[in-house]
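Asker: no FASTA, just this:
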């Protein structure tokens with residue numbers, strides 16, 4: 001490792017002093033000159049080498065400092081920043097801060113920063129117990145007020161100056177959070193839409209299941225009523241009243257079956273027509289939602305969707321709901337494990353665009369794989385057993401088939417399905 005400039009400088013000075021001492025000794029004692037002069041020459045050469053090293057390292061350090069200075073200048077010019085006095089007045093600010101609040105520099109200087117960010121209090125700096133970091137109010141962000149009266153959310157990072165100068169007491173770095181809040185609002189709206197679709201799909205699946213399960217007992221009850229009517233007819237006029245009652249009961253059984261079938265037809269109809277969509281974009285648009293689902297259980301969610309040949313015919317909301325449900329299942333399976341992870345992979349293949357959701361949970365036993373897709377079957381305490389059944393129905397509406405294997409990469413479960421590619425888009 002090269003010597004640091006202070007060390008190299010010390011070596012050079014030591015060599016110069018030693019060389020001077022040797023020359024002085026040679027002059028004072030000519031009898032020793034023959035031994036001291038070569039020593040002085042050697043020390044002079046060592047001093048020269050040390051000074052060259054100092055020069056080279058000083059040049060390198062100067063270049064590094066210049067690069068860092070340029071980087072800081074770029075960051076300062078592009079980031080809204082200002083300095084506050086100890087009593088909270090603006091002592092310095094850059095052009096980016098002026099543009100953010102739409103004020104001139106001479107208008108902002110010496111004004112309390114609370115005029116631009118109502119509610120800002122210098123006491124919060126001391127209450128934070130730190131010399132730098134993120135400064136938040138109760139809502140998580142401050143409200144900035146521009147000169148025209150419009151407001152916007154603003155994030156504040158602070159750093160106390162060394163020594164605590166009264167004039168330049170604290171530096172603030174500001175960020176306009178308008179786009180971030182808009183993205184969060186859009187994610188919340190999408191989440192609400194997905195929840196609505198999920199409830200409708202679950203009700204539809206439940207209605208379909210009930211219609212299937214109740215059809216047999218309703219048919220049997222109708223048959224028994226028909227047989228009872230035949231027996232009553234043998235009783236002649238005495239059985240007429242009972243026959244009329246049986247007819248009414250049989251009519252109500254038929255009506256019950258029609259109601260169930262009608263509800264099933266209404267709730268299982270598609271919420272929208274299939275349209276040309278890009279599978280990778282539909283998943284990427286849910287990144288914030290999927291990440292939050294994982295964060296709530298301490299599971300990292302990774303998205304790897306290839307954007308090549310990913311155009312499919314899909315109902316965006318239905319498709320996204322299916323992915324959300326599979327990711328949530330994977331997160332619940334992996335939660336509590338070291339390095340808990342869920343991966344969403346998308347790749348174009350010969351027969352379509354394949355999407356898989358894999359986790360590093362315990363996996364699914366072979367004898368349980370088919371049962372998982374059956375309605376009213378759940379491995380979770382309190383689960384209704386509709387999640388995977390609804391998801392499979394959605395996938396099948398899109399022309400795919402939901403299947404389950406063990407993940408070769410993570411070792412847990414791997415749910416996957418392949419959507420047919422949009423032929424018109426591929427041809428174009």
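Answerer: Structure received. This is a predicted model, so every value here is computed, not measured.
Asker: Report how many residues lie close to the closest residue to residue 98 other than its chain neighbours.
Answerer: Spatially, and ignoring its direct neighbours in sequence, residue 98 is nearest to residue 105 (5.5 Å; C-beta to C-beta, 6 or more residues apart in numbering). Using the backbone N, CA and C atoms, a C-beta is placed for each residue, glycine as well. By the criterion of other C-beta atoms under 10 Å, residue 105 has 13 neighbours.
Asker: Read off the pLDDT value for residue 105.
Answerer: In the predicted model, residue 105 carries a pLDDT score of 86.
Asker: show me what contacts residue 405?
Answerer: 413-414, 416 (C-beta atoms under 8 Å, 6 or more residues apart in numbering).
Asker: Listing partners with orientation, what would you give for the helix or strand in which it is found?
Answerer: Per DSSP states H and E, residue 405 falls inside strand 403-406. Applying DSSP bridges to the sheet, strand 403-406 is found paired with strand 413-419 (antiparallel).
Asker: Quick check: buried residues in the partner strand?
Answerer: By 16 or more other C-beta atoms under 10 Å, the buried positions in strand 413-419 come out as 413-419.
Asker: Ok, stretch 175-195 next?
Answerer: Across stretch 175-195, burial judged by 16+ other C-beta under 10 Å covers 176-177, 187, 190-191, 194.
Asker: Let me have those in a markdown table, extended by secondary structure, pLDDT and distance to residue 291.
Answerer: Shown next, in a markdown table, are the buried residues of stretch 175-195 (DSSP: H, G, I helix; E, B strand; the rest coil; pLDDT from 0 to 100; distance: C-beta to C-beta, whole Å):
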| residue | secondary structure | pLDDT | distance to residue 291 |
| --- | --- | --- | --- |
| 176 | strand | 86 | 23 |
| 177 | coil | 83 | 18 |
| 187 | helix | 70 | 10 |
| 190 | helix | 70 | 13 |
| 191 | helix | 70 | 12 |
| 194 | helix | 66 | 15 |
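Asker: and which of the contacts of residue 405 is nearest residue 285?
Answerer: The nearest member of the contacts of residue 405 to residue 285, counting by C-beta to C-beta, is residue 416 at 20.5 Å.
Asker: what's across from the closest one in the sheet?
Answerer: Beta-bridge partners, per DSSP bridges, of residue 416: residue 356, residue 403.
Asker: Now do the same contact list for it.
Answerer: Counting by C-beta under 8 Å, 6+ apart, the residues that residue 416 touches are 354-357, 402-405.
Asker: Buried ones among those residues?
Answerer: Of these, these count as buried by 16+ other C-beta under 10 Å: 354-357, 402, 404.
Asker: now, which of the residues you listed sits nearest residue 300?
Answerer: Nearest to residue 300 among the buried ones among the contacts of residue 416 is residue 357, at 13.8 Å by C-beta to C-beta.
Asker: Got the phi and psi for the nearest residue to residue 169 once chain neighbours are set aside?
Answerer: Nearest residue to residue 169, sequence neighbours excluded (C-beta to C-beta, 6+ apart): residue 86, at 4.3 Å. Dihedral angles of residue 86 (phi, psi; degrees, to the nearest 10) stand at phi -60, psi -30.
Asker: for residue 152, same thing?
Answerer: Backbone torsions for residue 152, taken as degrees, to the nearest 10, come to phi -160, psi 150.
Asker: How many neighbouring residues does it have?
Answerer: 16.
Asker: Touching, it and residue 144? I think so.
Answerer: Yes: under the criterion of C-beta atoms under 8 Å, residue 152 makes contact with residue 144 at 5.1 Å.
Asker: shared neighbours, these two?
Answerer: Joint contacts of residue 152 and residue 144 (C-beta under 8 Å, 6+ apart) are residue 176.
Asker: what ranges of the stretch 251-400 of the chain fall below the confidence cut-off?
Answerer: Along the stretch 251-400 of the chain, the model assigns pLDDT under 70 to residues 259-272, 367-387.
Asker: Check which helix or strand residue 320 maps to.
Answerer: Using DSSP H and E, residue 320 sits within helix 316-334.
Asker: helices or strands up against that helix?
Answerer: On a contact count with 3 or more C-beta pairs under 8 Å, 6 or more residues apart in numbering; DSSP states H and E, helix 316-334 meets helix 178-233, strand 275-278, helix 279-284, helix 287-296, strand 341-349, strand 352-359, helix 387-397, strand 413-419.
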